[in-house]
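Asker: Would you be able to build a 3D model of this:
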Amino acid sequence: MSPAALPHVVAWHDVDDPALPLVVLLHGRGSNEEEIIGLASLLPAGASYAAVRAPIAEGGGYAWFANRGIGRPLPDSLRTQMDWFRSWLDEVAPANRPVIVVGFSGGAAFAGGLLLDDPGRFAATAILFGTLPFDAGVSTEPGRLAGAHVLVIHGDQDQVIPADLLAATWSYLTTDAGASTLAIRDQGGHGISPASATALGEWLGDQLRAATGTAS
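Answerer: Here you go, the predicted structure:
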């Protein structure tokens, strides 16, 4: 089966309401959509929450792209899977529906790729305990994310993602990218702590209010 023909397996937190913004949760490498959709119960109302299963079977779970090392996607694989994902997204969320992508670990790299590939498509993007896909065929030129709203959370004790990639991601998103970035250091390791989930919820609430034009 060609990558473009792969089915899209999606878990919804509740019945999708097309009148609400769409928040898409992207799981980490080796995980699946059922594991990350539970995060939606900790996040604010006012959105439809969906979790998409990554397309590549790996390690008892699924991965978003083939890579040449942790956090380093192969450009052709990233391109193919981004196009596959967008075929689903553009069907469920027409251009006038706000979309916020929240990615964890490998899902963070994929979310970052989607954002860098088409910055204007997303109302906001959260990069959680992961890295941007540098040298993977998407632009990281200065000012690329001007006007974008980004949350980045990194763990001080993260022993999974290479430190150089974490540092490069933090530096780019808080300086050269030109994005409106909220950057948070978590005292823990490679996982979404209660404090990080709270910070994500608060940031996401702000983004949903901005996307819908409602008062805080």
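Asker: Can you get me a residue count around Glu141?
Answerer: Neighbour count of Glu141, defined by other Cβ atoms under 10 Å: 10. For glycine as for every other residue, the C-beta is placed from the backbone atoms N, C-alpha and C.
Asker: for it, helix, strand, or coil?
Answerer: The three-state label given to Glu141 by DSSP: H, G, I helix; E, B strand; the rest coil is coil.
Asker: repeat for Tyr62
Answerer: strand.
Asker: Pretty sure Val102 sits in a strand.
Answerer: Yes. Membership of Val102 in a strand is supported by three-state DSSP.
Asker: Show the model's pLDDT score for Thr140.
Answerer: pLDDT, Thr140: 97.
Asker: do Gly59 as well
Answerer: 83.
Asker: so where do the strands sit in this structure?
Answerer: Under the criterion DSSP state E, the chain contains strands at 10-12, 22-26, 48-52, 56-58, 61-63, 99-104, 124-128, 149-155, 180-186.
Asker: For those, could you give me CSV that also reports mean neighbour count and distance to Arg72?
Answerer: Output for the strands of the chain, formatted as CSV (neighbours: other Cβ atoms under 10 Å; distance: least, Cβ to Cβ, whole Å):
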stretch, mean neighbour count, distance to Arg72
strand 10-12, 16, 27
strand 22-26, 25, 17
strand 48-52, 24, 22
strand 56-58, 14, 15
strand 61-63, 21, 13
strand 99-104, 26, 16
strand 124-128, 28, 16
strand 149-155, 23, 17
strand 180-186, 16, 22
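Asker: CSV for these, including distance to Leu89?
Answerer: Listed next are the strands of the chain as CSV, based on distance: least, Cβ to Cβ, whole Å:
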stretch, distance to Leu89
strand 10-12, 10
strand 22-26, 7
strand 48-52, 9
strand 56-58, 18
strand 61-63, 17
strand 99-104, 7
strand 124-128, 13
strand 149-155, 18
strand 180-186, 22
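Asker: now for the helix or strand of the chain with the lowest mean pLDDT, which elements pack on it?
Answerer: When the helices and strands of the chain are scored by mean pLDDT, DSSP states H and E, strand 56-58 comes last with a mean of 93. Secondary-structure packing of strand 56-58 (3 or more Cβ pairs under 8 Å, 6 or more residues apart in numbering; DSSP states H and E): strand 61-63.
Asker: still on that earlier bit, which stretch among the strands of the chain comes nearest Pro142?
Answerer: Between Pro142 and the strands of the chain, the shortest gap by Cβ to Cβ is with strand 180-186, which sits at 14.0 Å.
Asker: Which elements pack onto that closest one?
Answerer: Here strand 180-186 touches strand 149-155, helix 163-174, helix 194-212, going by 3+ Cβ pairs under 8 Å, 6+ apart.
Asker: Single out the most deeply packed of the ones you listed.
Answerer: Greatest average neighbour count among the helices and strands packed on strand 180-186 goes to strand 149-155 (a mean of 23), per mean count of other Cβ atoms under 10 Å.
Asker: dump the residue contacts of Gly28.
Answerer: By Cβ atoms under 8 Å, 6 or more residues apart in numbering, the contact set of Gly28 is 36, 104-108, 130.
Asker: Same check on Ser196?
Answerer: By Cβ under 8 Å, 6+ apart, Ser196 lies in contact with 128, 153, 184, 186, 188.
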